[in-house]
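Enquirer: What shape does this take:
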Amino acid sequence: MNPQTIAVIMTCYNRREKTLASLAALFNQKLPPNVILSVYLVDDGSTDNTSEVVKEKYPAVHLLQGNG
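Expert: Numbers count the residues shown, from 1 in each chain. Now for the predicted structure:
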């Protein structure tokens, strides 16, 4: 089977715990072996260290910074 990529686009602002829970659910789901997730998170200027924690726990996430 040819691999299929699903792009996931998420946004956040000072919702560290909710964002981490969402990412955990996303990455823990069972997908067919030919499906690849490409996750993009736009952090719109969070001041609760959301970006830093996401970088540490989910290095595969493409993190984009907004300015609020």
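
Enquirer: Mind giving me the packing neighbours of the lengthiest helix in the chain?
Expert: For the chain, the helix with the greatest residue count under DSSP state H is helix 16-28. When contacts are defined as 3 or more C-beta pairs under 8 Å, 6 or more residues apart in numbering; DSSP states H and E, helix 16-28 packs onto strand 4-12, strand 35-43, helix 50-57. Yep, even glycine has a C-beta here, placed from its N, CA and C like the rest.

Enquirer: Determine the angle, from 0 to 180 degrees, between the first one and helix 50-57.
Expert: Angle between the axes of strand 4-12 and helix 50-57 is 140 degrees (criterion: axes from the mean of the first three to the mean of the last three C-alpha atoms, to 10 degrees).

Enquirer: So what touches strand 4-12?
Expert: With contact meaning C-beta atoms under 8 Å, 6 or more residues apart in numbering, strand 4-12 is reached by 18-19, 22-23, 26, 34-44, 46, 50.

Enquirer: In CSV, list the helices and strands packed on helix 16-28 along with mean neighbour count.
Expert: Converted to CSV, the helices and strands packed on helix 16-28 look like this (neighbours: other C-beta atoms under 10 Å):
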stretch, mean neighbour count
strand 4-12, 13
strand 35-43, 16
helix 50-57, 16
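
Enquirer: Save the ones you listed as JSON lines, and put in distance to Gly68 and mean pLDDT too.
Expert: As requested, the helices and strands packed on helix 16-28 are exported to JSON lines (distance: least, C-beta to C-beta, whole Å; pLDDT from 0 to 100):
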{"stretch": "strand 4-12", "distance to Gly68": "12", "mean pLDDT": "97"}
{"stretch": "strand 35-43", "distance to Gly68": "10", "mean pLDDT": "97"}
{"stretch": "helix 50-57", "distance to Gly68": "13", "mean pLDDT": "97"}
